[in-house]
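Q: Using only what follows, build the 3D model:
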Amino acid sequence: MPKPLVLHPDRLFPTDPNVRAIARTLYAEIADLPIVSPHGHTDPYWFAGNAPFGNATELLLVPDHYIFRMLYSQGVPMEALGVRNRSVDPRAAWHLFAERYHLFRGTPSRMWLDWVFSEAFGIDVLLGADTSDLYFDTITAALATDAFRPRALFDRYRIETIATTESPLDTLEHHRTIRESDWGGNVITAYRPDPVVDPEFEGFRDNLARFSELSGEDCFSWSGYLAAHRKRRAFFAQMGATSTDHGHPTALTANLTTAEAADLFARVSKGEVSAADAELFRGQMLTEMAAMSLDDGLVMQIHPGSFRNHNAQVFARFGRDKGADIPTRTDYVHALKPLLDRFGNEASLSIILFTLDESSYARELAPLAGHYPCLKLGPSWWFHDSPEGMRRFRRMTTETAGFYNTVGFNDDTRAFLSIPARHDVARRIDCGFLAELVAEHRLEDWEAADLARELTYGLVKQAYRL
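A: Next comes the predicted model:
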């Protein structure tokens with residue numbers, strides 16, 4: 001007999017019955033607040049075209065690198081899961097996943113997926129080899145109905161705003177289609193300039209040529225290159241963007257003179273660039289982006305500390321973002337100082353810092369955000385977007401940075417239905433943390449209730465200027 005799938009109503013709350021009761025009360029007050037998703041990687045085409053998702057594999061398996069990185073680690077070829085392989089039988093790919101579902105025990109993916117299976121599709125038995133076809137058929141049949149089209153799901157889960165992420169080379173035609181439609185969903189973009197600010201990004205010179213075409217500027221001259229960024233940022237803002245996003249290997253910043261920066265750009269734009277010049281140029285561009293944010297008001301997000309595409313063979317065969325990005329140690333105190341020397345005291349500038357190096361929370365990030373007016377702390381991210389990661393974040397940053405130098409939660413996902421699942425986890429963890437403070441008489445119950453709402457809804461809207 002299949003095992004039952006049960007979502008316990010008190011999941012993730014503290015085990016002490018008195019503290020759990022407080023957490024339960026707090027959660028009841030914020031559980032149904034709208035979702036604000038200010039940073040993610042869902043495809044704007046979904047909302048522009050509003051076409052039905054094809055099947056369970058297309059919706060839940062292929063977009064989710066959390067899933068296939070685990071399966072790949074256990075020897076399952078990515079081609080067999082449908083990654084960059086349209087010829088694969090989606091039912092067969094789903095079965096490979098289902099018969100290995102036990103591999104996800106104890107992981108955040110298991111929690112998110114169980115929530116989706118139960119809450120979105122009403123399935124009450126656990127996924128496994130014996131229920132693989134039941135799952136595939138139930139989910140695929142539901143996806144053929146109007147209730148499971150992208151816009152209907154957006155409305156069903158009370159998504160108030162969702163930000164996708166596009167490069168300056170994107171024409172944003174899908175965002176234009178959304179804005180010109182009669183649908184009221186708020187889908188905005190975010191400016192992610194990595195392909196034209198990272199000299200080690202594949203096709204960098206070709207990207208600069210395309211950048212020139214789109215902007216009407218000479219992007220092989222320093223002044224024209226900066227002017228192109230200003231133009232494209234303005235275009236993105238017209239299409240709803242309130243933020244930029246920068247996925248650099250490190251948090252290094254630089255503050256070169258105009259002449260030094262122009263000389264550096266002349267070297268990197270030739271296409272043959274040293275690792276040292278590439279790193280220095282990325283650092284200079286973080287400072288240049290901060291200057292532009294001070295002018296145009298776009299919130300700046302810095303996501304450093306990932307050795308991206310660590311598996312060279314996977315990168316060569318499947319491209320970027322296939323589960324082979326690995327966290328690295330990250331220095332913020334010294335790396336950010338050139339930028340902060342120039343802009344750190346600008347209260348009208350907003351820079352949100354993320355990390356994959358948890359050792360930096362209490363030592364570097366919380367003290368920095370607890371002092372500099374321009375800095376805020378992004379939530380626990382990526383590998384730490386998990387119950388224990390969220391708890392560590394709150395325990396290691398709250399005493400120094402407080403709650404109001406943080407920015408709520410963002411899901412950073414490509415898998416659409418994981419959005420409500422991830423936000424539910426974050427809300428439960430925050431309510432549990434606040435409940436502990438109430439039980440220890442460090443907060444009054446009304447303060448905890450106020451904070452629960454702020455952590456869920458208020459701070460994210462303020463931080464991202466929504």
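Q: mind exporting the lowest-mean-pLDDT helix or strand in the chain as PDB, just the C-alpha atoms?
A: Ranked by mean pLDDT, DSSP states H and E, the helix or strand of the chain with the weakest confidence is helix 312-318, at a mean of 84. Output of helix 312-318 as PDB, limited to C-alpha atoms (Å, rounded to 0.1, in the frame of the first residue of the first chain):
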ATOM      1  CA  ALA A 312      33.200  21.800 -16.600                       C
ATOM      2  CA  GLN A 313      31.800  18.800 -18.400                       C
ATOM      3  CA  VAL A 314      28.200  19.600 -17.400                       C
ATOM      4  CA  PHE A 315      28.700  23.200 -18.400                       C
ATOM      5  CA  ALA A 316      30.000  22.200 -21.800                       C
ATOM      6  CA  ARG A 317      27.100  19.800 -22.400                       C
ATOM      7  CA  PHE A 318      24.200  21.600 -20.800                       C
END
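Q: ok, then the element right after it?
A: Following helix 312-318 in sequence order, the next helix or strand is strand 326-327 (DSSP states H and E).
Q: Pull the residues that contact whichever helix or strand comes after that following strand.
A: Where DSSP H and E defines the elements, the next helix or strand beyond strand 326-327 is helix 337-343. Applying Cβ atoms under 8 Å, 6 or more residues apart in numbering, the contact partners of helix 337-343 are 253-255, 283, 286-287, 290-291, 294, 349, 368, 372, 374-375. The way it works is simple: take the backbone N, C-alpha and C, and place the C-beta from them, glycine included.
Q: Restricted to helices, list these.
A: 283, 286-287, 290-291, 294, 368 (DSSP state H).
Q: what's the most distant pair in these?
A: A291 and L368 (19.4 Å; Cβ to Cβ).
Q: between those two, which one's more packed in?
A: The neighbour comparison of A291 against L368 (other Cβ atoms under 10 Å) goes to L368, with 22 against 16.
Q: So for the more buried one, what's the nearest residue that isn't a sequence neighbour?
A: L375 (5.6 Å; Cβ to Cβ, 6 or more residues apart in numbering).
Q: what are the ranges of the strands in the stretch 351-466 of the chain?
A: For the stretch 351-466 of the chain, applying DSSP state E, counting those that start in this stretch gives strands covering 351-353, 375-377.
Q: Whichever of the ones in helices among the contacts of helix 337-343 end up buried, select them in PyMOL.
A: Selection of buried members from the ones in helices among the contacts of helix 337-343 for PyMOL, criterion 16 or more other Cβ atoms under 10 Å:
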select buried, resi 283+286+287+290+291+294+368
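Q: Which one of the ones in helices among the contacts of helix 337-343 is nearest to N18?
A: Among the ones in helices among the contacts of helix 337-343, L368 lies closest to N18 (Cβ to Cβ), at 35.9 Å.
Q: I am assuming the closest one contacts V333, so please confirm or correct that.
A: Yes. Using Cβ atoms under 8 Å, L368 makes contact with V333 at a distance of 7.0 Å.
Q: and F235, what is it in contact with?
A: Listed by Cβ under 8 Å, 6+ apart, the contact partners of F235 are L172.
Q: let's see it at 10 Å
A: Taking Cβ atoms under 10 Å, 6 or more residues apart in numbering, we find F235 in contact with 168, 171-172, 189, 191, 214-215, 241.
Q: Now do the nearest residue in space to T242 that is not next to it in sequence against D130, distance only.
A: Among residues not flanking T242 along the chain, R465 sits closest, at 4.8 Å (Cβ to Cβ, 6+ apart). For R465, the distance to D130 equals 50 Å [Cβ to Cβ, to the nearest Å].
Q: what's the answer for A290, then?
A: A290 is 55 Å from D130, by Cβ to Cβ.
Q: now swap in L214 and tell me
A: 52 Å.
Q: roughly how far out does stretch 403-411 sit from the chain middle?
A: Averaging C-alpha positions (Cα atoms, centre = their mean, to the nearest Å) puts stretch 403-411 13 Å from its chain's average.
Q: Let me know the average pLDDT across that stretch.
A: Averaging pLDDT along stretch 403-411 gives 97.
Q: Distance of the nearest residue to F315 once chain neighbours are set aside relative to D206?
A: Distances taken as Cβ to Cβ, 6+ apart put N309 closest to F315, at 4.0 Å, once the chain neighbours are dropped. Distance from N309 to D206, counting by Cβ to Cβ: 19 Å.
Q: In terms of neighbours, single out the busier of those two.
A: Neighbour count, other Cβ under 10 Å: between N309 and D206, N309 has more, with 19 against 12.
Q: Could I get the contacting residues of the more buried one?
A: Neighbour list for N309: 202, 315-316, 318-326 [criterion: Cβ under 10 Å, 6+ apart].
Q: will you turn these into JSON lines that also has distance to W94?
A: Output for those, formatted as JSON lines (distance: Cβ to Cβ, whole Å):
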{"residue": "E202", "distance to W94": "32"}
{"residue": "F315", "distance to W94": "26"}
{"residue": "A316", "distance to W94": "27"}
{"residue": "F318", "distance to W94": "19"}
{"residue": "G319", "distance to W94": "23"}
{"residue": "R320", "distance to W94": "24"}
{"residue": "D321", "distance to W94": "21"}
{"residue": "K322", "distance to W94": "19"}
{"residue": "G323", "distance to W94": "18"}
{"residue": "A324", "distance to W94": "23"}
{"residue": "D325", "distance to W94": "25"}
{"residue": "I326", "distance to W94": "28"}
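Q: What is the lowest-pLDDT residue among these?
A: D321 (73).
Q: Now do the same contact list for that residue.
A: D321 makes contact with 41, 63, 65, 308-309, 315, 414 under the criterion Cβ under 10 Å, 6+ apart.
Q: again, only this time at 8 Å
A: 65, 414.
Q: how many neighbours does the closest residue to R210 other than its chain neighbours have?
A: Among residues not flanking R210 along the chain, L169 sits closest, at 5.2 Å (Cβ to Cβ, 6+ apart). Neighbourhood size, L169 [other Cβ under 10 Å]: 17.
Q: L169: what secondary structure?
A: Following DSSP: H, G, I helix; E, B strand; the rest coil, L169 is assigned to coil.
Q: Contacts only, for it.
A: Contacts of L169 by Cβ under 8 Å, 6+ apart are 195-196, 207, 210-211, 214.
Q: Could you do H95 as well?
A: Taking Cβ under 8 Å, 6+ apart as the test, what H95 contacts is 129, 132-133, 136.
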